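Enquirer: My questions are about this predicted structure, shown below with the sequence.
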Amino acid sequence: MERDSSNRRRSDGGSSSASAEGTRRKRVKIYSDSEDSHFAIVYSSNTGESSASVERGVYDNFRGSSMPSDDDVPKLMSADEECNFDEKHDSDISEVDDLVVKMDLTDDLLHMVFSFLDHPNLCKAARVCKQWRTASAHEDFWKSLNFEDRNISVEQFEDICRRYPNITAIRMSGPATYQLVMRAISSLRNLEALTLARGHIMDNFFHTLADCPLLRRLSINDATLGSGVQEISVNHDRLCHLQLTKCRVMRIAVRCPQLETMSLKRSNMAQTVLNCPLLQELDIGSCHKLPDSAIRSAVTSCPQLVSLDMSNCSSVSDETLREISLNCANLSFLDASYCQNLSLETVRLPMLTVLKLHSCDGITSASMAAIAHSSMLEVLELDNCNLLTSVSLDLPRLQNIRLVHCRKFADLNLMTLMLSSILVSNCPVLRRINITSNSLQKLTIPKQDSLTTLALQCQSLQEVDLSECESLNNSVCNIFNDGGGCPMLKSLVLDNCESLTSVQFISTSLISLSLGGCRAITNLDLTCPNLERVILDGCDHLERALFCPVGLSSLNLGICPKLNTLSIEAPFMTSLELKGCGVLSEATINCPLLTSLDASFCSQLTDDCLSATTVSCPLIESLILMSCPAIGSDGLLSLYCLPNLTVLDLSYTFLVNLQPIFDSCLQLKVLKLQACKYLTDTSLEPLYKGGALPALQELDLSYGTLCQSAIDELLACCTNLTHVSLNGCVNMHDFNWGCSRGQIDNIPAVNTPCETRLNENVSESSEQSTRLLQNLNCVGCPNIRKVVIPLKANCCHLLFLNLSLSANLKEVDVTCLNLCFLNLSNCSSLEFLKLECPRLTSLFLQACNIDDEAVEAAISKCTMLETLDVRFCPKVSSMSMGRFRAVCPSLKRIFSSSSTMLP
């Protein structure tokens with residue numbers, strides 16, 4: 001049945017193919033063949049159809065160029081071979097009947113599809129079938145050929161020219177360029193563009209150019225022209241574009257009545273004769289051997305010239321430029337850069353729109369009078385004009401001006417309503433700038449150390465950058481205030497303007513202000529209701545700051561250590577950082593949306609200031625008052641005005657009574673009391689006896705003086721805590737949750753189910769209270785000797801336990817079902833370690849005095865352990881690593897002293 005079906009498909013395919021041949025192959029049949037099969041290509045010509053057999057691999061080498069290499073060029077095959085093409089493929093098709101795919105594509109549709117393919121892909125398409133082979137060889141796709149950097153023989157090239165006589169564009173390069181191009185000229189009468197490079201083009205080539213009557217564009221690059229003695233003559237009646245760049249030739253004569261553009265850039269001829277009445281663009285840049293008289297004669301013979309590039313032609317004089325201005329009335333583009341003899345003082349170019357004069361040492365302030373006569377000028381570039389001292393221009397159409405690295409330039413005066421871009425940079429003696437423009441939107445004048453006077457009348461100016469203008473004084477503020485010359489200004493950068501001492505801005509348009517590195521500023525007064533961003537980094541001498549009003553959403557004044565007076569009125573501000581303002585004594589903060597206030601290390605901040613702030617900022621959620629010793633009970637009583645307060649940091653203060661906090665902060669979740677050494681053992685009794693702060697989750701008592709019993713009762717009774725830090729508590733001794741001390745057995749139960757995997761004491765533990773503690777830090781507690789956390793302690797939620805740097809810790813016995821991180825690093829006295837933590841994934845024992853047997857026993861019941869750190873453990877040998885992996889197969893990483901990490 002399958003064989004009959006296969007034969008039926010083959011029969012159908014054959015009849016379909018035959019039918020398609022009868023109607024000029026209106027349908028195509030595509031067969032997927034094996035990788036090692038061979039294909040053929042047939043190229044159509046107007047005399048008939050010839051064939052070429054090319055292996056599949058040849059086409060794969062056809063990449064990145066428009067024409068094939070020596071091996072890629074098709075070779076002729078016999079008629080018998082072409083006739084056998086279908087027979088060979090019929091046999092191949094019979095082997096892959098199941099992969100037959102039928103597609104209906106007319107010749108016209110296929111032609112349209114192939115028009116989007118480049119030459120390499122056309123060659124690949126030719127391997128599919130006869131119809132595609134013929135369609136891909138259509139002359140419409142092979143009118144522009146690229147032989148650059150390809151090795152092709154004269155015979156192969158002639159064969160291609162015979163097949164495609166209507167080629168219109170050819171590119172070629174290399175030693176054989178001359179022979180190939182001569183064949184092209186003799187056989188291709190429809191050539192319109194010819195590009196040659198890196199060869200020796202003899203005189204005969206230029207004499208035969210007339211044989212290509214349709215030639216419009218000729219480009220020769222990096223070639224030797226002629227014999228080097230005779231004059232090269234380019235004569236063509238219809239040539240429009242000529243490019244002879246980087247060519248080695250003695251003399252050139254060009255007589256092309258239709259020529260529009262010509263480039264002789266970087267060619268080394270000594271004489272040029274032009275007879276091109278319609279020439280509009282001429283580039284003779286870097287033609288160093290052309291004398292002044294030759295340039296004058298050549299350019300003045302082109303009365304229609306619009307664009308002239310004679311940069312790096314050092315011999316050009318003012319007299320030549322004056323003759324050019326008289327004979328080329330339409331000249332609008334002139335690049336005379338690096339022409340050292342030009343001063344322009346006697347030259348008038350009224351139609352000029354673009355003028356480039358880079359590194360022209362003859363250009364001085366007197367030259368500006370001549371430039372001022374170019375009333376149509378739009379672009380002016382004066383970079384590296386070392387003798388230029390001042391520029392004063394009134395040009396109504398000027399849009400772009402550049403003045404970079406002008407060493408003696410001191411004064412700029414521009415009056416141009418259409419100016420849209422200006423770049424002034426690295427002019428070390430520039431002192432005065434006066435600009436009037438209705439179109440300028442961005443002004444960048446950085447690193448002008450001598451600039452002292454700035455006058456702007458720019459109605460559309462939005463961005464100004466005056467970075468590192470060290471001589472600018474306080475008067476610059478008047479320019480950018482309301483009523484000044486820049487009513488639309490949005491962004492102002494005054495970074496590192498070290499002469500600014502008092503900055504005052506009153507602007508309704510200013511959005512961004514940067515004063516970074518302005519170290520001399522002592523007074524800052526901003527009345528900018530739309531100001532959204534201000535940078536004050538490095539303003540370390542700022543003493544008085546007023547922001548009334550501003551549109552800031554956040555502000556960091558922690559980098560202003562000398563700030564003593566602050567007033568802020570910011571209706572949209574949500575975050576304020578005053579960290580490190582150690583001398584701040586007077587602060588008025590009116591920010592009704594403020595949610596975060598960090599006043600750390602504000603040692604002179606008083607209760608009165610805190611009380612006023614809580615009244616004007618009732619939405620504060622996070623309040624950091626670390627190292628604010630002047631804050632006392634009166635200030636804390638005002639916290640009742642902050643009903644949303646959830647984070648309170650009073651570390652390193654002299655507090656004795658926490659009752660105002662317990663009474664006022666009912667929503668408090670985080671309380672930090674690090675190093676509050678004046679707190680007594682009874683200071684926290686309301687927490688674990690009176691049920692104060694019911695929402696508290698995180699408590700930090702690090703470096704405090706609370707006794708062991710107070711800590712035990714706190715841990716036993718405050719089961720709602722999730723994070724507890726007791727780092728550096730010297731009064732902590734044994735940490736034993738298995739004894740009756742701390743009234744563990746009498747704690748009310750919390751209805752949270754506890755997962756039990758161990759059989760020991762399961763029934764007993766289920767009757768005890770469940771702690772919500774997740775993270776316990778006891779780093780650097782020197783007097784802890786023993787830590788015991790049994791199953792009945794009900795620490796079902798404990799995930800992280802850090803006991804590192806506890807030098808006297810000797811015994812650790814932890815049974816915790818969900819613990820995943822345990823750090824005992826630098827517990828140098830550790831001798832006994834017992835762990836029943838089935839979910840522990842990371843165990844750190846760095847620099848512990850424990851032996852490898854104890855480690856092996858400890859990790860044997862940690863079935864999910866992945867990381868073990870035993871570096872610098874003197875009693876753990878590298879030979880034990882294998883045993884560790886044997887007892888704990890889940891281990892992925894072991895850090896030991898012998899190897900940084902053992903996989």
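Expert: Ah, there it is. Numbering: from 1, shown residues only.

Enquirer: hey, where'd the helices end up in the stretch 751-900 of the chain?
Expert: All helices of the stretch 751-900 of the chain, identified by DSSP state H, counting those that start in this stretch, fall at 762-765, 852-859, 881-887.

Enquirer: okay if I get those as TSV plus mean pLDDT, distance to residue 716 and mean neighbour count?
Expert: For the C-beta atoms, the positions are set from N, CA and C on the backbone; glycine is no exception. Converted to TSV, the helices of the stretch 751-900 of the chain look like this (pLDDT from 0 to 100; distance: least, Cβ to Cβ, whole Å; neighbours: other Cβ atoms under 10 Å):
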stretch	mean pLDDT	distance to residue 716	mean neighbour count
helix 762-765	38	15	13
helix 852-859	93	27	19
helix 881-887	91	35	15
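
Enquirer: and residue 117, which of these is closest to it?
Expert: Proximity to residue 117, assessed across those by Cβ to Cβ, is greatest for helix 881-887 (59.7 Å).

Enquirer: circling back to that earlier point, would you turn the helices of the stretch 751-900 of the chain into TSV with distance to residue 825?
Expert: Below are these laid out as TSV (distance: least, Cβ to Cβ, whole Å):
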stretch	distance to residue 825
helix 762-765	30
helix 852-859	14
helix 881-887	17
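
Enquirer: Nearest to residue 320, out of these?
Expert: Of all the helices of the stretch 751-900 of the chain, it is helix 881-887 that lies closest to residue 320, at 86.4 Å by Cβ to Cβ.

Enquirer: Regarding residue 294, what is its secondary structure?
Expert: The three-state label given to residue 294 by DSSP: H, G, I helix; E, B strand; the rest coil is helix.

Enquirer: Pull the residues that contact stretch 360-376.
Expert: Residues outside stretch 360-376 that contact it (Cβ atoms under 8 Å, 6 or more residues apart in numbering) are 332, 336-353, 355, 357, 377, 380, 382, 385-397.

Enquirer: repeat that with 6 Å
Expert: Residues outside stretch 360-376 that contact it (Cβ atoms under 6 Å, 6 or more residues apart in numbering): 339-340, 342-345, 347-349, 351-353, 357, 385-391, 393, 397.

Enquirer: Could you point out which of the helices of the stretch 751-900 of the chain sits nearest residue 447?
Expert: Distance to residue 447, taken as Cβ to Cβ, is lowest for helix 881-887 among those, at 60.4 Å.

Enquirer: Tell me, how many residues neighbour residue 329?
Expert: For residue 329, the tally of surrounding residues (other Cβ atoms under 10 Å) stands at 12.

Enquirer: coming back round to it: could I have the buried ones of the contacts of stretch 360-376 as ChimeraX selection syntax?
Expert: Remark: buried members of the contacts of stretch 360-376, expressed as a ChimeraX selection using 16 or more other Cβ atoms under 10 Å:
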select :339,342,343,344,347,349,352,353,357,385,387,388,391,393
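
Enquirer: ok, what's across the strand from the residue nearest to residue 555 when sequence neighbours are not counted?
Expert: Closest residue to residue 555 apart from its sequence neighbours, by Cβ to Cβ, 6 or more residues apart in numbering: residue 576 at 5.5 Å. Under DSSP bridges, the beta-bridge partners of residue 576 are residue 555, residue 597.

Enquirer: Neighbours of residue 576, how many?
Expert: Using other Cβ under 10 Å, residue 576 is surrounded by 26 other residues.

Enquirer: what's the pLDDT at it?
Expert: If you check residue 576, the pLDDT there is 95.

Enquirer: Please tell me how far it sits from residue 647.
Expert: 14 Å (Cβ to Cβ, to the nearest Å).

Enquirer: wait, doesn't residue 773 sit right on residue 798?
Expert: Yes. Residue 773 lies in contact with residue 798 (Cβ atoms under 6 Å); the separation is 5.5 Å.

Enquirer: related to what we said a few turns ago, who wins for proximity to residue 290 among the helices of the stretch 751-900 of the chain?
Expert: Of all the helices of the stretch 751-900 of the chain, the one in closest proximity to residue 290, counting by Cβ to Cβ, is helix 881-887 (80.4 Å).

Enquirer: what's that closest one in contact with?
Expert: Helix 881-887 is contacted by residues 856, 860, 891, 894, 902 when judged by Cβ under 6 Å, 6+ apart.
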